[in-house]
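Engineer: Need the 3D shape of this:
(one chain, ligands or ions: 1)
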Amino acid sequence: MEKIRLKNLYRSLRAKYPSVMDEDFKYIFARVFGSFSKIFLENPAVDKSEAQKIETIIHKHLEGRPLEYIFEVAEFFGFEFKIKEGIHIPKNTTEFLIERVLAFADEKMKIIDIGCGCGNVAIVIAKLTKAQVWAVDIDDRALKIAEENAKKHGVKIKIVKSNVFDAIFEKFDIIASNPPYVSTKEVLSKSVLMQNSASLFAGSEGLDVIKKIIQQAPLHLNKGGRIFLEIGYDQGQKVSEILFRNGFKNVKIHKDLGNIPRIAEAEF
Ligand SMILES: C[S@@+](CC[C@H](N)C(=O)[O-])C[C@H]1O[C@@H](n2cnc3c(N)ncnc32)[C@H](O)[C@@H]1O
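Structural biologist: Got it, this is the predicted structure:
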């Protein structure tokens, strides 16, 4: 089999596909060859057929498929999670939800994550707090991947299929959720639309699932417990009103590092 130096392969493909973002290009090479520094330090000779493998990945990516779906892995809070097409890809913005929860949580608490997706939020909280953590989702595929990720990370979390709290009969100290909060009126890119629509859209104002969580929450929170919700940039006012109407106090809308309203926190 004919060989090519990795650096040369990188340079020739980089020149052939200028529209691929530099960081995506580096990510693809790092995923396929183990480490990006290997290219520049070791510069091993690889089979020329590797070029075809990389080009197939680049074509899928250029068609709009997120790299997370191509490699079936997503990074979140410094950890790797298995992911599958149709399941929500964890976002950096949700790391702020974890930070807010960690500022309040301790190991004696019972915590529930509503809409767990691949389990990233629940698993990171369980890993870092040692609290008792539950995770629910309405989607069987997400629940299966969440189980696999919990095993991969060696954490014991209770994973339950439920439409918000419909199948839950327990009380908690913390409710955390990154629910679907996009309005059905919003136009999203093809790569975002490859995610399950139930993980994104929530009615004409994007508030349907948030409302259901907040309305059911009082039955599932211990006195003094807190709710933490990731929200859309323009939903702070409406979510605050829904929280007050359902008996919550000390409602705060936290802005992220980009100064965008991102997390609603309230005390019960
Ligand atoms: C935006 S994703 C969040 C995934 C993950 N927790 C994260 O933050 O990356 C929303 C998740 O909520 C789930 N979901 C949507 N409606 C739901 C409902 N009524 N009850 C429970 N889960 C729901 C979706 O299946 C999806 O996995």
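Engineer: Who does residue 74 form a beta bridge with?
Structural biologist: Bridge pairing for residue 74 (DSSP bridges) gives the partners residue 81.
Engineer: who's in contact with it?
Structural biologist: Going by C-beta atoms under 8 Å, 6 or more residues apart in numbering, residue 74 touches 68, 80-81, 83, 89-90, 118, 120. In this view, the C-beta of every residue, glycine as well, is placed from N, C-alpha and C.
Engineer: try it again with 10 Å
Structural biologist: Residues in contact with residue 74, defined by C-beta atoms under 10 Å, 6 or more residues apart in numbering, are 66-68, 80-83, 87-91, 117-118, 120, 149.
Engineer: Show the model's pLDDT score for it.
Structural biologist: With respect to pLDDT, residue 74 scores 97.
Engineer: where does residue 176 land in three-state SS?
Structural biologist: What DSSP: H, G, I helix; E, B strand; the rest coil gives for residue 176 is strand.
Engineer: count of neighbours near it?
Structural biologist: As a burial measure, residue 176 scores 29 neighbours (other C-beta atoms under 10 Å).
Engineer: Give me the nearest residue to the residue nearest to the spatial centre of the chain, chain neighbours excluded.
Structural biologist: What sits nearest the mean C-alpha location of the chain, by C-alpha atoms, centre = their mean, is residue 90, with 1.9 Å. Of all residues not flanking residue 90 in the chain, residue 76 sits nearest, at 3.8 Å (C-beta to C-beta, 6 or more residues apart in numbering).
Engineer: Please report how far that neighbour lies from residue 83.
Structural biologist: 10 Å (C-beta to C-beta, to the nearest Å).
Engineer: Which one's more surrounded, those two?
Structural biologist: Using other C-beta under 10 Å as the criterion, residue 76 and residue 83 rank with residue 83 on top: 25 against 22.
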